[in-house]
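Asks: This is a predicted model, with the sequence first.
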Amino acid sequence: MNTVNTVNKRIIVLILLIVVALGATGLFILTKKQEKVEPPQQPLVSVDKKKVEKIRQEIAWSSTRKTGDWPIYSTNGFKIEYASRAMIFFVTVLQTPFEVNKKAAEDWFVKHNLNSRELCEMRIVFIASEGVKKDLAREDIAPNGCEPVTNFFPQATGSAQ
């Protein structure tokens, strides 16, 4: 009987040690700081906000006959539309590969005399047509190296109303 009590005590101590070890491991995992993923850094190029706004107006309004909300440009790989109230260009990638057609759309904007930082200020949102790319990551919905648009209805600046 004495041997049985000793074995039971050892089993209880072993179970307690396992519980403590698992608890400590769980606590460590829960309190561990998450590593912050930094977005890609933009090259040190200046942004001329007046220039960006002027180019936005030129692209949007000249292409849409001053009515807004019309397709601006279209190819087999992508189409660009402008939502005048939100002041956002929506680029729908129509064909795979998504990344190639996204880059082609970015190049179309750059041809309008924009540098990489100014492209980020144009308020461009990328969308994938059905079957092109199932799940878009955060970096997929904005031009490469840019932060995604989060404010879909900015306060009007008076220039694109």
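Replies: Perfect, I can see it now.

Asks: quick one, helices of this protein?
Replies: Shown for the chain, the helices assigned by DSSP state H span residues 2-31, 49-63, 98-110, 116-120.

Asks: now, of these, which is deepest in the fold?
Replies: The highest mean neighbour count among the helices of the chain, using mean count of other Cβ atoms under 10 Å, belongs to helix 116-120: a mean of 19. (Glycine included, C-beta is placed from N, CA and C.)

Asks: Now that one: average pLDDT?
Replies: For helix 116-120, mean pLDDT is 87.

Asks: With stretch 19-38 instead?
Replies: With pLDDT averaged residue by residue, stretch 19-38 scores 63.

Asks: so who does the residue nearest the centre of the chain touch?
Replies: Nearest to the mean C-alpha position of the chain, by Cα atoms, centre = their mean, lies R138 at 2.7 Å. R138 is in contact with P148, counting by Cβ atoms under 8 Å, 6 or more residues apart in numbering.

Asks: ok, it to T75 distance?
Replies: Remark: distance between R138 and T75 (Cβ to Cβ, to the nearest Å) = 25 Å.
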